[in-house]
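Visitor: the following block contains a protein sequence and its predicted model.
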Protein chains: 2
Amino acid sequence: MFKAKVNVTLKKSVLDPQGQTVKHTLDTLGFKETVDVRVGKYFEVSLNAADKTQAEKNIKAMCDQLLINPVIEEYTYTLAEA
Amino acid sequence: MFKAKVNVTLKKSVLDPQGQTVKHTLDTLGFKETVDVRVGKYFEVSLNAADKTQAEKNIKAMCDQLLINPVIEEYTYTLAEA
């Protein structure tokens, strides 16, 4: 079995109001040294696959078809045998 | 400047209905080999700090005071100079 960890963020060019709100709240709490905050989503997907190549192909297909909005989001992932 | 990447997930013992919904949808799309999906949050925090130890201390404090609900969530993070 493989375990994929997928991090999804808004593209750099897209405004992130949620991140700005978190940054503002951190400022209020006294964390003045915070420069920027971006908020995204995180998926942990466990899946069966014959080998790592197959698992990787499937994870990319899942991202493209469901997990990601390619217009405004981008993603990175790590894949390991579990 | 340092950049911290914080992954937040529900604790293993906590039911994750959003993850179950994603898993069900992946099944519907034909990804039958998916075993489990957990959905969480992802924060990218850029911050200034004198050294890595200080940055790490600040990130932990941010998580404890704002980013995480310690009752139902747990987190992992990576920290690197940016």
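Guide: Good, I have the coordinates. Numbering: from 1, shown residues only, chains lettered A, B, ... in the order given.

Visitor: tell me the SS of the nearest residue to A:I68 once chain neighbours are set aside?
Guide: With Cβ to Cβ, 6 or more residues apart in numbering or on different chains as the criterion, A:I68 has its nearest non-adjacent residue at 5.3 Å, and that residue is A:Y75. Every C-beta, even on glycine, is put in place using the N, C-alpha and C of the backbone. Reducing the assignment at A:Y75 to three states with DSSP: H, G, I helix; E, B strand; the rest coil gives strand.

Visitor: let me see the contact set for A:Y75.
Guide: Applying Cβ atoms under 8 Å, 6 or more residues apart in numbering or on different chains to A:Y75 gives the contacts A:6-9, A:63, A:67-68.

Visitor: format those residues as CSV; extra columns: secondary structure.
Guide: Compiled in CSV, these are given as follows (three-state DSSP):
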residue, secondary structure
A:V6, strand
A:N7, strand
A:V8, strand
A:T9, strand
A:C63, helix
A:L67, helix
A:I68, coil
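
Visitor: all set now, cheers.
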